[in-house]
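Asker: Quick one, structure for this:
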Amino acid sequence: MRMVWAMMAAGIATAGMAQDAPTLGASNHAVDIAIAPPAGTPTFADEFTGKTIDPAHWRFDTSRNRDGWYNNERQYYAPANTPANARIADGALVIEARREKPKGGDSGGQDYTSARIVSAKPMGYGFYDIRAKLPCGRGIWPALWMLPPDGKWPDEGEIDILELVGYEPDLVHATLHTAAFNHAKGTQRGGAIKVPTACGQWHHYQLDWTPQAITIGIDGRGYMRVANDQPGGRAAWPFDRPFDLILNVAVGGDWGGKMGIDDSKFPQSMRVDHVRYWQR
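Answerer: Below is the predicted model of the structure:
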């Protein structure tokens, strides 16, 4: 990502922060292992069965609308109570990207609207299960990911549970970023897997986070695992405190928009059936 992005001192950054789009993905920590949620009741769960998005569970991040979002993304993120971009419908959360001029007074002149919601409380070690149906279309960039609530990026870490770029609709990515291991150095750690039904069908996107390792998978199979076995202290492993969970659909950007944006495909929506978290 551009150095000005890397120098941000606090707050929420954007998934897959990139300086050079081709280096965003990584496959250097690929595995094929079984993973499964624990038995018992989740510590936190949102099944999205209510009429509206629960403000006790989620907040809307609109902080960069006027200045423009990271990665040269093209969207305006709508505030709460904007059902065109974020709503509950048919028992699922819907985050919808639209080709339209935003109406908000904080607009930076964008031509697209979408939404980005963040967990009201950070969550840490444990198992995460997010059942989601992803949008597809050139220029669309959905993500399920985690950042600490404060601190400098990438020093404090980033966990990308799921990223998909619309011009590669059958490939999903999982990536970790830290001060010592990140795309700017070409050392980011991650994995990718072909999923022919990633666009348009329901899948479980899963994270198993322990002090010893982070494993990320889909539908009960882990395809990326990074162990806490490298020297460097927090530069190598800052994943020792709770992070915020972020759900968003970006438009364009250095990675998502690498092949342009197909305006004929809008609107595009990511649907989330549930978010469940078992704390360790």
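Asker: out of everything not next to it in sequence, what's closest to residue 87?
Answerer: Nearest residue to residue 87, sequence neighbours excluded (Cβ to Cβ, 6 or more residues apart in numbering): residue 94, at 5.2 Å. To be clear about C-beta, it is placed using only N, CA and C from the backbone, and glycine gets the same treatment.
Asker: which stretches of the protein form helices?
Answerer: 3-6 (DSSP state H).
Asker: Which strands border the biggest strand by length in it, and is each parallel or antiparallel?
Answerer: Counting residues, the longest strand found in the chain (DSSP state E) is strand 268-279. The strands beside strand 268-279 in its sheet (DSSP bridges) come out as strand 44-46 (antiparallel), strand 92-99 (antiparallel), strand 126-133 (antiparallel).
Asker: Show me the contact partners of that strand.
Answerer: Here strand 268-279 makes contact (Cβ atoms under 8 Å, 6 or more residues apart in numbering) with 37-38, 40, 42-48, 91-97, 123-137, 140, 142, 166, 202, 245, 247, 249.
Asker: Apply 7 Å and report the result again.
Answerer: If you take Cβ atoms under 7 Å, 6 or more residues apart in numbering as the criterion, strand 268-279 is touched by 37-38, 42-48, 92-97, 123, 126-135, 137, 140, 142, 202, 247, 249.
Asker: which stretches of the protein aren't confidently modelled?
Answerer: Within the chain, the stretches with pLDDT under 70 are 1-24.
Asker: OK, contacts around the closest residue to residue 52 other than its chain neighbours?
Answerer: Nearest residue to residue 52, sequence neighbours excluded (Cβ to Cβ, 6+ apart): residue 88, at 6.1 Å. With contact set as Cβ under 7 Å, 6+ apart, residue 88 has these partners: 48, 50, 51, 52, 53.
Asker: Would you list the buried entries among the residues you listed?
Answerer: Buried subset of the contacts of residue 88 (neighbour count, 16 or more other Cβ atoms under 10 Å): 48, 53.
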